[in-house]
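J.: one predicted model, sequence on top.
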Amino acid sequence: MGFKPHVVGHKECPELLKEGETHWFLMKDDMVLDVTADQFKGRIPYVLGKPNGMMNHPEGGSKRAQVLIKKVKC
């Protein structure tokens, strides 16, 4: 569908993330897909997110990525 993984870290979002933490989401143009956003009490600065490839081992992504993909498809 053209969405690409993006990430924000503590540096971009210190009020929501602890040192060393990151938050991943998918983005396509100005559209954001973030199925875990409700875990935060504040707004995530998606515009500060940086595109970042995800590990692809085995094909189809990690086990955790495959679980997330199944949840999104339902």
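T.: Arrived safely, thanks for sending.

J.: neighbours around the residue nearest to residue 34 when sequence neighbours are not counted, how many?
T.: Excluding the flanking residues, the one nearest residue 34 by Cβ to Cβ, 6 or more residues apart in numbering is residue 25, at 3.9 Å. Using the backbone N, CA and C atoms, a C-beta is placed for each residue, glycine as well. By other Cβ atoms under 10 Å, 18 other residues sit near residue 25.

J.: can you list phi and psi of residue 50 for me?
T.: Main-chain dihedrals, residue 50, degrees, to the nearest 10: phi -110, psi 140.

J.: neighbouring contacts of the helix or strand the residue nearest to residue 34 falls within?
T.: Of the helices and strands defined by DSSP states H and E, residue 25 is found in strand 22-28. Applying Cβ atoms under 8 Å, 6 or more residues apart in numbering, the contact partners of strand 22-28 are 1-10, 13, 16-17, 32-34, 36-37, 40, 44, 46, 49, 51-52, 54.

J.: which neighbours in the sheet does that strand have, and how are they oriented?
T.: Paired strands of strand 22-28, with direction, are strand 4-9 (antiparallel), strand 31-33 (antiparallel) (DSSP bridges).

J.: now that strand: buried residues?
T.: Within strand 22-28, the residues that qualify as buried are 23, 25, 26, 27, counting by 16 or more other Cβ atoms under 10 Å.

J.: just the residues you listed now: which is nearest residue 68?
T.: Checking those against residue 68 by Cβ to Cβ gives residue 26 as the nearest, at 9.9 Å.

J.: show me the helices in the protein, by range?
T.: With helices called from DSSP state H, the chain shows them at 63-73.

J.: pLDDT weak spots in it?
T.: The chain contains residues with pLDDT under 70 at 54-61, 74.

J.: now with 90, please.
T.: 1-4, 30, 52-74 (pLDDT under 90).

J.: burial count for residue 30?
T.: Residue 30 has 7 nearby residues by other Cβ under 10 Å.

J.: how much space between the nearest residue to residue 21 once chain neighbours are set aside and residue 68?
T.: Computed as Cβ to Cβ, 6+ apart, the closest residue to residue 21 that is not its neighbour in sequence is residue 10, at 5.7 Å. Per Cβ to Cβ, to the nearest Å, residue 10 is found 22 Å from residue 68.
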